[in-house]
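In: quick one: sequence plus predicted model below, questions after.
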Amino acid sequence: MHRIRSILARLLQATLLTLAVVWFFSRITTDRIAATQYLYWIPSSAYIIVQIVLYITARIILPKQKPPVRHRHDLFSIVSIMTIAAILAYTGFVDWRVLNRTVKPDPGIPTLRLAHWNMYAPSQKKWEQFIEAATKSDNPDILLLTNPLRTRRFPEIAQAFGDNYTATRLGFLAVVTRYETLNSRLVSLSLDSPDPSTRSITQGVVADALDAAVQTLDQLPRNTNRQDPGWLFQITLDTTETLNRPLVVWLIDLPSDPGLGRYALAQRVQKRIQTLTNTANSSPLQTPDIIVGDMNIPRGSASLSLITGTMQNAFDQAGFGPTGTWPRETPIFHIDHIFLNNTLKAVRYTTVDTGLSSHRLQIADLQPRQRR
């Protein structure tokens, strides 16, 4: 019995250290390798919880040992505690951005409030409930919507915010704003065309298991494997009164199929955007000041930088704590994002449970950067 307990304790210790290596590797590669994207999607806090359970269990079942065996186990304890502490520090300073707690708006500088919500639901017949939920966005200057109601009742949402608000919808994407809309344009990202680089990396039982997991978390019926081309909605707004210049916003919606390799998908998006912004085109897209949307890619993934370049995530600038946007009731994953170019900075970032849809609404207060 003594020997069995000792072997079991060693197995638990080895599992703990293996998990630490897996965590470290997943944070380095993120989704650059299709298979490791799933390891990266597991929150650091989950790794910590499992490691703590393994450590405590190993300590309980480990029989008393005499030197030098006891010294080896003491060394393991030190290494284990240091490993858990390192992941905990990463979680606090990188994942949760605890230092952002002190971020405040600059006094005397105009602030623009931007909100975004993926309001997907199988049915939006009770449209007044969705309008009421949208008003929880805390009086935004700009409210961007993914999957809004596509009927003649859609403009009612602007009326809920005030007479000076207008609503513009193109396809599955929309904007409600108090600023004048100078122009708007919807383009397909053409991700539904065949391409071996972005075919599903999961098949059979694994694919079914992933789909079942998404359905369980989502708690709303949807087909994650439908052919989704991805969309880009460009809006140019006259924000002169706040920013002394117009503002170009891209609202992007990407496929939700969990079997797609995100890095390869982002590479296709990057190529498509390069084509659309090529000045040789008769009507190229404008360079965005802000990129917003349901990317279906967790924050910190390498694939996001392929789409956004050097733009910075608003959460990284002003967010704080274990913040996620999906699923709404237990937001484990941060897959809805707001990215800013170097002319803007976030001074506040938060998410709101609207009580509807499967996504939380995200809000960011933005200010122009002061040139020094």
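Out: Received, thanks. The shown structure was predicted, so the numbers you read here are calculated from the model rather than taken from an experiment.

In: the residue nearest to residue 278 when sequence neighbours are not counted is in what secondary structure piece?
Out: Using Cβ to Cβ, 6 or more residues apart in numbering and skipping residues adjacent in sequence, the residue nearest residue 278 is residue 284, 5.9 Å away. Bear in mind the C-beta positions are built from the backbone N, C-alpha and C, glycine included. In the assignment (DSSP states H and E), residue 284 maps to no helix and no strand.

In: count the residues that sit near residue 284.
Out: Here the number of neighbours of residue 284 (other Cβ atoms under 10 Å) works out to 12.

In: list the contacts of it.
Out: Counting by Cβ atoms under 8 Å, 6 or more residues apart in numbering, residue 284 touches 276, 277, 278.

In: show me those residues that map onto helices.
Out: Among the contacts of residue 284, the ones falling in helices (DSSP state H) are 276, 277.

In: by neighbour count, which of the contacts of residue 284 wins?
Out: Using other Cβ under 10 Å as the neighbour test, the contacts of residue 284 are led by residue 276, with 17 neighbours.

In: okay, that residue and residue 115: tell me how far apart.
Out: Between residue 276 and residue 115 the distance is 26 Å, computed by Cβ to Cβ, to the nearest Å.

In: low-scoring pLDDT stretches of the chain, where are they?
Out: Applying pLDDT under 70 to the chain flags residues 1-2, 63-74, 150, 193-226, 372.

In: which residue ranges of it form strands?
Out: Using DSSP state E, the strands assigned to the chain run over residues 112-118, 142-146, 166-170, 173-177, 180-188, 231-238, 247-253, 290-294, 312-313, 336-340, 344-352, 361-368.

In: how distant is the last one from the center of its chain?
Out: The chain centre lies 15 Å from the centre of strand 361-368; the measure is Cα atoms, centre = their mean, to the nearest Å.

In: show me what that strand packs onto, helices and strands only.
Out: Under the contact definition 3 or more Cβ pairs under 8 Å, 6 or more residues apart in numbering; DSSP states H and E, strand 361-368 sits against strand 112-118, helix 314-318, strand 336-340, strand 344-352.

In: neighbouring contacts of that strand?
Out: Residues contacting strand 361-368 (Cβ under 8 Å, 6+ apart): 105-106, 109-117, 133-134, 136-138, 140, 243-244, 290, 314, 318, 325, 336-338, 340, 343-352, 354.

In: surely residue 316 meets residue 96?
Out: No. Using Cβ atoms under 8 Å as the test, residue 316 is too far from residue 96 to be in contact (11.0 Å).

In: where do the contact lists of these two overlap?
Out: Counting by Cβ under 8 Å, 6+ apart, residue 316 and residue 96 have no common neighbour.

In: re the thing from before, minimum distance to residue 184: which of the helices and strands packed on strand 361-368 has it?
Out: Proximity to residue 184 (Cβ to Cβ) singles out strand 112-118 among the helices and strands packed on strand 361-368, at 15.8 Å.

In: circling back: to residue 10, which of the strands of the chain lies closest?
Out: Between residue 10 and these, the shortest gap by Cβ to Cβ is with strand 312-313, which sits at 41.6 Å.

In: helices or strands next to the closest one in the packing?
Out: For strand 312-313, the packing partners by 3+ Cβ pairs under 8 Å, 6+ apart come out as strand 336-340.

In: now the strand it packs on, how far from the centre of its chain.
Out: That offset, for strand 336-340, works out to 8 Å (Cα atoms, centre = their mean).

In: could you give the angle of it to strand 247-253?
Out: 150 degrees (axes from the mean of the first three to the mean of the last three Cα atoms, to 10 degrees).

In: residues in contact with residue 294?
Out: With Cβ under 8 Å, 6+ apart, residue 294 has these contacts: 118, 146, 252, 253, 254, 256, 335, 336, 359.

In: domain parsing for the chain?
Out: What automatic domain parsing lists as the domains of the chain is 2-95, 106-368.

In: mind listing what's buried in the longest helix along the chain?
Out: Counting residues, the longest helix found in the chain (DSSP H) is helix 2-29. Neighbour-count burial for helix 2-29, with 16 or more other Cβ atoms under 10 Å as criterion, is recorded at 6, 9, 12, 13, 16, 19, 20, 23, 26, 27, 29.

In: would you check how far apart the nearest residue to residue 288 once chain neighbours are set aside and residue 57 are?
Out: In space, and not counting its chain neighbours, residue 288 is closest to residue 250: 4.3 Å by Cβ to Cβ, 6+ apart. Going from residue 250 to residue 57 by Cβ to Cβ gives 49 Å.

In: my guess is residue 5 contacts residue 62. True?
Out: Yes. At 6.8 Å, residue 5 counts as touching residue 62 under the criterion of Cβ under 8 Å.
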